[in-house]
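Engineer: show me how the following folds:
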Amino acid sequence: MRCSSGAHDSSGMRMISSMARLWVLILALCARSDSAAFLRSKREQNSTQTTLNDRPKLIFMFLVYDRINNEQIWNRFFDGAAHTSDYRVFVHCKHADACRKNIQSPQRYEIIPSVPTAPCTDLVNAMNALLKAGVERLGLPRNVEDKLIFISDSTLPVKPFSIVQSRLLSAGKRSNFCIFPTNHWPSTYTISVVKHHQWMILTRSHAVEVLKKSHEEPVFPLEVANGFSFHDGKPASLCRDEFWYFALLFGTITRFPNVHSFPMAGLNGGGDLSISDVAVQGQCDTFVSWGDGFANGKVSPSNGKNNNLTALTTLLSKDGGVDQIPPSMQHPATFRRFSFNSIVNLRSSWFLFARKVEDGARFSGCESLADAFSDFVFSVPTKVVHAMPTWPGSGKWRTASNSTVSIVGTNGTIAISGVGFFQGAGFYCKRRMEVVFQSYSRKWQSAHLSADAKQLSWDSGHRETWHRI
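Structural biologist: Sure thing, here's the model as predicted:
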């Protein structure tokens, strides 16, 4: 009985031992499988990370005084992309301490050490400091198709990030220079210096080349520049940032009889560089209005003729909802207020960016400018644009001096037409409107529409009441 019992116990022990070995084998296989899955997952994660780091980036380089104007709008633009894998942002501040206080998103906008700057005579050193940060701080691997974009503090994007990214990265290994008409190029009898807008877009290879040659002066020392003149014979005043980069990368133009153009490899814009055409050349990605533009309805010769710059300048000059400080020969026009139509026109234009824009610029309507940009510029796909309701105060009015005035209010913009003094334009929000009358030296006048829309009470200027006819 005990033997039988002993034989039964021994068999049971063998079964338990076999089951234990089986479980150990199963656990080992599971552990090996988990380990393999972990390693595979880790490899996939590393591969994904490598792919993100490998792809070309847009490097935005801001040259500012003490802030980035309208930073909230830039934040909404960058919200459509992945920081570090799609883009990086570097900022050079003239007043670094103030920048650190004013910039609201320091994790996005990396402030670099400041170097001394001076308008016209020495902005190149600060721009090169930005280039150095853009080239050296990205880490490895670095992509030869990276694009480095110079941005002023008064610039705004007028396209979604995805469109900016697609266009700039599809251009390959070519840089973008917006080149002034040839009558703005300083010249001697034998040499011309190509003048270009400061806010260029460089390839990584061109940025590296600039940094290697940053101690050089292109072809001729600066003191010789005083010997240059414009084509009309007037002495030339050279701002280094408007000729130094092009001359360093592509050289100055040696003039020969009967030679009217030169091939320019590595430059976007198509075709050869003409030395006889009075036209804008290269590729202009930033809208700007120079010269007498809005001051008297003419388009400045700095903008050339019959191109994207002149077409948009003319369109905006006729928009009563746009408020700008008029341009001069020293400074381009500055936006203080955008209309609904102007934002839509900028979004549908060729340009990726626009300047100059005043910090705190406003929108001709009830929305904030940041909300208007989110709705009508940065939305992808483009938001369907519906016309705003006509202002309830539209129609004919009799003034306190018994003159008849017509008011038209559409899409946030007001136009007032009448005799003499009563010519103006502006914007409205709900029952309130603000306008500038032509004879009032650009001073804003505001009025409020009564609940029954029969009276218009001016609470500035003459403080009078108009009555609907």
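
Engineer: now do stretch 252-263: everything it contacts.
Structural biologist: Outside stretch 252-263, the residues that touch it by Cβ atoms under 8 Å, 6 or more residues apart in numbering are 185, 187, 189-194, 218-220, 271-276. Where C-beta positions appear, they are placed from N, C-alpha and C, glycine not excepted.

Engineer: oh, that last question was meant for stretch 363-380, not what I typed.
Structural biologist: So stretch 363-380 is contacted by 70, 72-73, 76-77, 80, 156-163, 321-322, 337-340, 343-344, 346-347, 361-362, 383, 385, 388, 411-413, 426-430 (Cβ under 8 Å, 6+ apart).

Engineer: swap in stretch 414-427?
Structural biologist: Taking Cβ under 8 Å, 6+ apart as the rule, stretch 414-427 contacts 320-321, 337, 339, 364-365, 391, 399, 403-409, 412-413, 428, 433-440, 444-445.

Engineer: for that stretch, the distance to its chain's centre please.
Structural biologist: Here stretch 414-427 shows a centroid-to-chain-centroid distance of 33 Å under the convention Cα atoms, centre = their mean, to the nearest Å.

Engineer: packing partners of the host helix or strand of residue 148?
Structural biologist: Here residue 148, judged by DSSP states H and E, is contained in strand 147-152. Where contact means 3 or more Cβ pairs under 8 Å, 6 or more residues apart in numbering; DSSP states H and E, strand 147-152 is packed against strand 58-64, helix 124-136, helix 161-169, strand 201-203, helix 204-212.

Engineer: A strand includes residue 336, no?
Structural biologist: Yes - judged by DSSP: H, G, I helix; E, B strand; the rest coil, residue 336 forms part of a strand.

Engineer: what's the local residue count around it?
Structural biologist: 14 (other Cβ atoms under 10 Å).

Engineer: was I right to think it contacts residue 324?
Structural biologist: Yes - the criterion here is Cβ atoms under 8 Å, and residue 336 meets it with residue 324 at 6.3 Å.

Engineer: what sits against residue 57?
Structural biologist: Counted by Cβ under 8 Å, 6+ apart, residue 57 has contacts 85-88, 138, 143, 146-147.

Engineer: just residue 465 next, same as before
Structural biologist: Per Cβ under 8 Å, 6+ apart, neighbours of residue 465: 400, 455-458.

Engineer: which of these lies closest to residue 201?
Structural biologist: residue 458 (47.7 Å; Cβ to Cβ).

Engineer: identify the bridge partners of that closest one.
Structural biologist: Residue 458 forms beta bridges with residue 447, as assigned by DSSP bridges.

Engineer: surely it meets residue 447?
Structural biologist: Yes - Residue 458 is within contact range of residue 447, at 4.6 Å (criterion: Cβ under 8 Å).

Engineer: and for those two, which residues touch both?
Structural biologist: residue 466.

Engineer: quick one, which of the two is more surrounded?
Structural biologist: residue 447 (25 against 18).

Engineer: the worst-scoring helix or strand of the chain on mean pLDDT: what's the following helix or strand?
Structural biologist: Each helix and strand of the chain was given a mean pLDDT (mean pLDDT, DSSP states H and E); the minimum falls on helix 293-296 at a mean of 42. Following helix 293-296 in sequence order, the next helix or strand is helix 308-317 (DSSP H and E).

Engineer: tell me what that next one is packed against?
Structural biologist: With 3+ Cβ pairs under 8 Å, 6+ apart as the test, helix 308-317 has strand 286-287, helix 293-296, helix 340-348 packed against it.

Engineer: just how off-centre is the first one within its chain?
Structural biologist: Averaged C-alpha coordinates place strand 286-287 at 8 Å from its chain's average position (Cα atoms, centre = their mean).

Engineer: that one pairs with which strands, and in what direction?
Structural biologist: strand 353-354 (parallel).

Engineer: what comes into contact with the strand it pairs with?
Structural biologist: 151, 155-158, 199, 285-288, 335, 346.

Engineer: and those residues, which are buried?
Structural biologist: Among the contacts of strand 353-354, those scoring as buried are 151, 155-158, 199, 285-288, 335, 346 (criterion: 16 or more other Cβ atoms under 10 Å).

Engineer: that older thread, now render the contacts of strand 353-354 as JSON lines, adding pLDDT and distance to residue 239.
Structural biologist: Shown next, in JSON lines, are the contacts of strand 353-354 (pLDDT from 0 to 100; distance: Cβ to Cβ, whole Å):
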{"residue": "151", "pLDDT": "98", "distance to residue 239": "18"}
{"residue": "155", "pLDDT": "98", "distance to residue 239": "18"}
{"residue": "156", "pLDDT": "98", "distance to residue 239": "23"}
{"residue": "157", "pLDDT": "98", "distance to residue 239": "25"}
{"residue": "158", "pLDDT": "98", "distance to residue 239": "25"}
{"residue": "199", "pLDDT": "95", "distance to residue 239": "13"}
{"residue": "285", "pLDDT": "96", "distance to residue 239": "20"}
{"residue": "286", "pLDDT": "97", "distance to residue 239": "17"}
{"residue": "287", "pLDDT": "96", "distance to residue 239": "20"}
{"residue": "288", "pLDDT": "93", "distance to residue 239": "15"}
{"residue": "335", "pLDDT": "95", "distance to residue 239": "23"}
{"residue": "346", "pLDDT": "96", "distance to residue 239": "26"}
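
Engineer: show me which pair in those is furthest apart.
Structural biologist: 285 and 335 (17.3 Å).

Engineer: ok, back up a step: convert the C-alpha atoms of the strand holding residue 148 to PDB, please.
Structural biologist: Extracted C-alpha coordinates of strand 147-152, given in PDB (Å, rounded to 0.1, in the frame of the first residue of the first chain):
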ATOM      1  CA  LYS A 147      16.200  77.300 -45.800                       C
ATOM      2  CA  LEU A 148      17.200  80.200 -43.600                       C
ATOM      3  CA  ILE A 149      14.700  83.100 -43.700                       C
ATOM      4  CA  PHE A 150      15.500  86.700 -42.600                       C
ATOM      5  CA  ILE A 151      12.400  88.300 -40.900                       C
ATOM      6  CA  SER A 152      12.000  91.900 -39.600                       C
END
